[in-house]
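>>> Structural data only, the sequence is not supplied:
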């Protein structure tokens, strides 16, 4: 038997087994989760090693926990910008369409490319490793999700199963990064899949648990926050924390918009794109000289709890410095995300909130540690999304079940305000700026795939619009055709004639048939998706529309009834996938 056959036949049997058995899919998810956990460990180790080399840090020292850095050490920031530019040029990143897990699930049925994902991971590790104020979570999720995508594509799994596996891979990476399987599982559901799907619960949970197991097997420590949080014993505490959630929503929206404004401004500067990260690194130097806590993700700074015993003015300055560093880093071309930055900034907002309330009331209204944890979750929800994700992250990090209700209340308030007033998380906001219209990872790829070109009937009976109505009647007796497409002397589209109309009383038989044509200006193009087509039908009031190429030559015709039937069929199929019909 040829080698190709010996490889293909077992793969085909494996594919049939996974498609037919939920146990097999769970087993595959365990393997994907383990791979995601290992990938998270490797990427984190690479970034930390770079930081220790570049900034000459003592063993075990976190960059953002450093008391002070010299200007010579801070010179690594623009050097990192130069290294990033060289790397991006070498891998031709501008020619690549970097698809993350959210975009892949929303538009591409979970399909991702390995080379592009490795480029994203490399850019993120370089950015973080040279101290830019960005997190590694985007790289973690990218690697975990691409492993799942490649495995699912190789096995030719169903679209719904592939999307679930991509969510499982991304969620497993987050679970491994924080040692928090519940947070990782909810990350998969809320952020990468876009819905809670019953069929995905077991695979996603299995992937998250296996990722945490593997990461800790290789020495990764779970993310634990020492807290002395007190249970908010009175109902007004929940109302106050809900107000903190609203404040975090406003600040989160402002932070995301500010990144976009700075990025747009940096792109309009009279500098080559390759110089943007270098300039960004130089701008970071004075900020980091004042407070090294703004560098990298901020893990070390958060554990330092710099707000304890500090004045409100100092905490506010650290907040502004960290926010500015993150905005500059992302706006000037460093690669990464705001996941951990939003957690760190949220704790500072919580401390400020508790401090300001104490100043106003003259006594401590809410416990500062409680407010810090609530603020951490609420701002992260505003920026990243996923209220349950962040509530579970706080729960698993603090082991404080009593605080979970207050955290969840603030997270839901923050999520609702952002969704209603802004509509995007940071990842989907950046996709929006790139021209995409998605607001979550819900699968709308089938809408884009169902185009006019795939639904239309080819038109072979286009008729000259200059012939008379009498001649038209001779060519098309009643009952021979319901409608006829017209073209002019240059073979361009000239409208549609409904055959019965040509037989109406009172028409001049010698008049050109073009005088009774309709929808001469309303037409469709081959690449329109089904939602756009339905809007065009609603606007024109037509039952049928011609399909034209770029030169306005008629290539087909499409009826409204057929379009709406196809839409209903595909929507039902998507809903079946959503609710786990296998």
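Received it, and whenever you're ready, just let me know what you need. Keep in mind the model is a prediction, meaning the values are calculated, not measured.
>>> For the host helix or strand of residue 316, which helices and strands make contact with it?
Counting by DSSP states H and E, the element that carries residue 316 is helix 312-331. On a contact count with 3 or more Cβ pairs under 8 Å, 6 or more residues apart in numbering; DSSP states H and E, helix 312-331 meets helix 235-267, helix 276-290, helix 339-361. C-beta here means a position set from N, CA and C on the backbone, and glycine is covered the same way.
>>> got the angle between it and helix 339-361?
Counting by axes from the mean of the first three to the mean of the last three Cα atoms, to 10 degrees, helix 312-331 lies at 150 degrees to helix 339-361.
>>> So what's the gap between helix 312-331 and the chain middle?
24 Å (Cα atoms, centre = their mean, to the nearest Å).
>>> Check the average confidence over it, would you?
In this model, helix 312-331 has an average pLDDT of 93.
>>> quick one: buried residues of it?
315-316, 318-319, 321-331 (16 or more other Cβ atoms under 10 Å).
>>> just stretch 241-256 next, same as before
Buried residues in stretch 241-256, counted by 16+ other Cβ under 10 Å: 241-242, 244-249, 251-253, 255-256.
>>> Residue 174 is nearest to which of the helices and strands packed on helix 312-331?
helix 339-361 (8.3 Å; Cβ to Cβ).
>>> Could you identify the helix or strand that succeeds the closest one?
As assigned by DSSP H and E, the chain's next helix or strand after helix 339-361 is helix 368-384.
>>> tilt between whatever helix or strand comes next after that following helix and helix 368-384?
Note on helix 368-384: by DSSP H and E, the next helix or strand toward the C-terminus is helix 387-398. Here the directions of helix 387-398 and helix 368-384 differ by 140 degrees (the same axes, to 10 degrees).
>>> next helix or strand past helix 387-398?
Going down the chain from helix 387-398, the next helix or strand is helix 404-421, by DSSP H and E.
>>> Distance of the residue most central in space within the chain relative to residue 428?
For the chain, residue 102 is the residue whose C-alpha lies nearest the centre (Cα atoms, centre = their mean; 3.6 Å). According to Cβ to Cβ, to the nearest Å, residue 102 and residue 428 sit 7 Å apart.
>>> before we move on, the earlier item: just put the buried residues of stretch 241-256 in a markdown table and tack on pLDDT and distance to residue 122.
Putting the buried residues of stretch 241-256 into a markdown table (pLDDT from 0 to 100; distance: Cβ to Cβ, whole Å) gives the following:
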| residue | pLDDT | distance to residue 122 |
| --- | --- | --- |
| 241 | 93 | 40 |
| 242 | 93 | 42 |
| 244 | 96 | 38 |
| 245 | 96 | 36 |
| 246 | 96 | 39 |
| 247 | 96 | 37 |
| 248 | 96 | 32 |
| 249 | 96 | 34 |
| 251 | 96 | 31 |
| 252 | 95 | 28 |
| 253 | 94 | 31 |
| 255 | 94 | 26 |
| 256 | 93 | 25 |
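>>> Which of those residues sits closest to residue 70?
Among the buried residues of stretch 241-256, and counting by Cβ to Cβ, the member closest to residue 70 is residue 255, at 29.6 Å.
>>> Please work out which of the helices and strands packed on helix 312-331 is packed deepest.
Of all these, helix 339-361 has the most neighbours on average by mean count of other Cβ atoms under 10 Å, namely a mean of 23.
>>> so what secondary structure elements neighbour that helix?
helix 137-154, helix 235-267, helix 299-304, helix 312-331, helix 368-384.
>>> Can you lay out those as JSON lines showing distance to residue 408?
Formatted as JSON lines, the helices and strands packed on helix 339-361 follow (distance: least, Cβ to Cβ, whole Å):
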{"stretch": "helix 137-154", "distance to residue 408": "21"}
{"stretch": "helix 235-267", "distance to residue 408": "10"}
{"stretch": "helix 299-304", "distance to residue 408": "21"}
{"stretch": "helix 312-331", "distance to residue 408": "24"}
{"stretch": "helix 368-384", "distance to residue 408": "8"}
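>>> so which of those helices gets nearest residue 406?
Residue 406 lies closest to helix 235-267 among the helices and strands packed on helix 339-361, at 4.7 Å (Cβ to Cβ).
>>> related to what we said a few turns ago, got the angle between the helix holding residue 316 and helix 235-267?
Here helix 312-331 runs at an angle of 40 degrees relative to helix 235-267 (the same axes, to 10 degrees).
>>> Residue numbering should commence at 589 henceforth.
Okay, using 589 as the starting number, the last item reads as helix 900-919.
>>> What lies in contact with helix 900-919?
With contact meaning Cβ atoms under 8 Å, 6 or more residues apart in numbering, helix 900-919 is reached by 715, 720-722, 843, 846-847, 849-851, 853-854, 868, 871-872, 875-876, 878-879, 881-883, 886, 889, 894-895, 924, 926, 929, 932-933, 936-937, 939-940, 943-944, 947.
>>> The same query, at a cut-off of 7 Å, please.
720-722, 843, 846-847, 850-851, 854, 868, 871-872, 875, 878-879, 881-882, 886, 894-895, 926, 929, 932-933, 936-937, 939-940, 943-944 (Cβ atoms under 7 Å, 6 or more residues apart in numbering).
>>> quick one: the closest residue to residue 850 other than its chain neighbours and residue 852, what's the gap?
In space, and not counting its chain neighbours, residue 850 is closest to residue 919: 3.0 Å by Cβ to Cβ, 6 or more residues apart in numbering. Distance of residue 919 to residue 852, given as Cβ to Cβ: 8 Å.
>>> Please apply the same query to residue 1042.
Where residue 852 is concerned, residue 1042 sits at a distance of 36 Å (Cβ to Cβ).
>>> do residue 707 as well
Residue 707 sits 23 Å away from residue 852 when distances are taken as Cβ to Cβ.
>>> now residue 934
Residue 934 sits 26 Å away from residue 852, going by Cβ to Cβ.
>>> residues contacting residue 865?
Residue 865 is in contact with 669, 672, 673, 920, 921, 922, counting by Cβ under 7 Å, 6+ apart.
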